[in-house]
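Undergrad: A predicted structure for the sequence below; I have some questions about it.
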Amino acid sequence: MTFEMGRRALMAAVAAFAFTGPAAAGGHQVVDEIHFLIPGGAGGGWDGTARGTGEALTNAGLVGSASYENMSGGGGGVAIAHLIENAESMDNTLMVNSTPIVIRSLTGVFPQSFRDLTLVAGTIGDYAAIVVNADSDIGSMDELLAAYRADGNRFAIGGGSVPGGMDHLVAAMAMQAAGEDPTAFNYIPYDAGGEAMAGLLSGEIQALSTGFSEAVALAEQGEVRILGVTAEERVPAFADAPTMMEQGLDTTFVNWRGFFAAPGLPEETLAAYQDAITKMYETPEWEEVRARNGWVNIHNNGDEFRVFLEDQEQVIGDLMRTLGFL
């Protein structure tokens, strides 16, 4: 009897050998290698999450090797389309994404949604923050609001997402909490968090809405000042940064991040990825990465991840309608 093995079936067989090989060798390595696809440029939240996760997985010995590819464009849509269009050759690839995959499908920025991908796992939450250049005269959220009220036409807040995207949404929440029109302020969009931070440091914008973890290292180096964090309490990773709440702004928000694979990923490959990520949480290598970035663990696999994303679709959609973004 003869048969022809399709390309995907052949790759699945090769992948199955790769995934089971290390375990058979008696080690605790679960996955041979992972290629991380990052939908934005270097230095943003997606970039930090993918590289931090790869660092923890490889240093803990759960994954043999990790590689990284930044593919910015279309607010993340270019990478999503690439993963779908090349699905048969991307079983070794995990794409990082976060709240924007929900926001941008709600707003129609790109036609795909999380339902077009294989859901691997949600892994972390990252608080949001409003920051200014360390040379700025603005030292608090009260002073930022005063500067905006004094000359709103010349005051711009930037972010690494499209208008109506997550960074815009967070700044709008703070404006609404301060009694301002959440849709009236001047928002400058950048393609990714790293470009937005460069815009702040070069003086293109007066303030930046960004992920807390993206600002911590630059705050420690004295490059930026964190004015307000969307956590209920100060985050130990940089406890000098005040929360929005303690400044009288009822604004809390956690941006989840997680990993997606190409549609049609073989079940045994998906199970291996989820096993490696689950075991990662028990390692000191992960705790070092998590604490350094001020992330919170939000771990859910497979169906739990799907339920979480469907709930996010409802919660974020309601918030955007309240703020006038939908």
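TA: That came through fine. Residues are numbered from 1 along each chain as shown.
Undergrad: need the helices for the stretch 151-300 of the chain, in chain order.
TA: Counting by DSSP state H, counting those that start in this stretch, the stretch 151-300 of the chain has helices at residues 166-177, 193-201, 212-220, 267-280, 284-293.
Undergrad: So what touches the third one?
TA: In other words, helix 212-220. Outside helix 212-220, the residues within contact range by Cβ atoms under 8 Å, 6 or more residues apart in numbering are 43-45, 48, 126-129, 131, 193, 197, 208, 224-226, 229-231, 235, 237-238, 240-241, 292-295. All C-beta spots, glycine's among them, are computed from the backbone N, C-alpha and C.
Undergrad: Apply 7 Å and report the result again.
TA: With contacts defined as Cβ atoms under 7 Å, 6 or more residues apart in numbering, helix 212-220 is touched by 44-45, 48, 126-129, 131, 193, 197, 224-226, 229, 235, 237-238, 241, 293-295.
Undergrad: next one: the last one
TA: By Cβ under 7 Å, 6+ apart, the surrounding residues in contact with helix 284-293 are 48, 52, 55, 56, 59, 60, 213, 216, 237, 280, 297.
Undergrad: try it again with 8 Å
TA: With contact meaning Cβ under 8 Å, 6+ apart, helix 284-293 is reached by 48, 52-53, 55-56, 59-60, 124, 126, 213, 216, 236-237, 280, 297.
Undergrad: Mind giving me the ChimeraX command for buried ones among those residues?
TA: Selection of buried members from the contacts of helix 284-293 for ChimeraX, criterion 16 or more other Cβ atoms under 10 Å:
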select :48,52,53,55,56,59,60,124,126,213,216,237,280
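Undergrad: tell me the mean pLDDT for the helix or strand where residue 313 lies?
TA: Assigned by DSSP states H and E, residue 313 belongs to helix 302-322. Per-residue pLDDT over helix 302-322 has a mean of 90.
Undergrad: quick one: low-confidence ranges for this structure?
TA: 1-27 (pLDDT under 70).
Undergrad: Show me the strands in it, by range?
TA: For the chain, the strands defined by DSSP state E occupy 31-38, 63-70, 93-98, 118-133, 156-159, 186-189, 207-211, 224-229, 254-261, 296-301.
Undergrad: in its sheet, what does the longest one sit against?
TA: Sheet partners assigned to strand 118-133 using DSSP bridges are listed as strand 207-211 (antiparallel), strand 224-229 (antiparallel), strand 254-261 (antiparallel), strand 296-301 (antiparallel).
Undergrad: Now for residue 258: which residues touch it?
TA: Applying Cβ under 8 Å, 6+ apart to residue 258 gives the contacts 96, 97, 98, 120, 121, 122, 123, 124, 305.
Undergrad: So which of those is the closest to residue 178?
TA: Using Cβ to Cβ, residue 98 comes nearest to residue 178 of the contacts of residue 258, at 25.5 Å.
Undergrad: Run a quick neighbour tally on the closest one.
TA: 24 (other Cβ atoms under 10 Å).
Undergrad: now it, nearest residue through space, not along the chain?
TA: In space, and not counting its chain neighbours, residue 98 is closest to residue 257: 4.2 Å by Cβ to Cβ, 6 or more residues apart in numbering.
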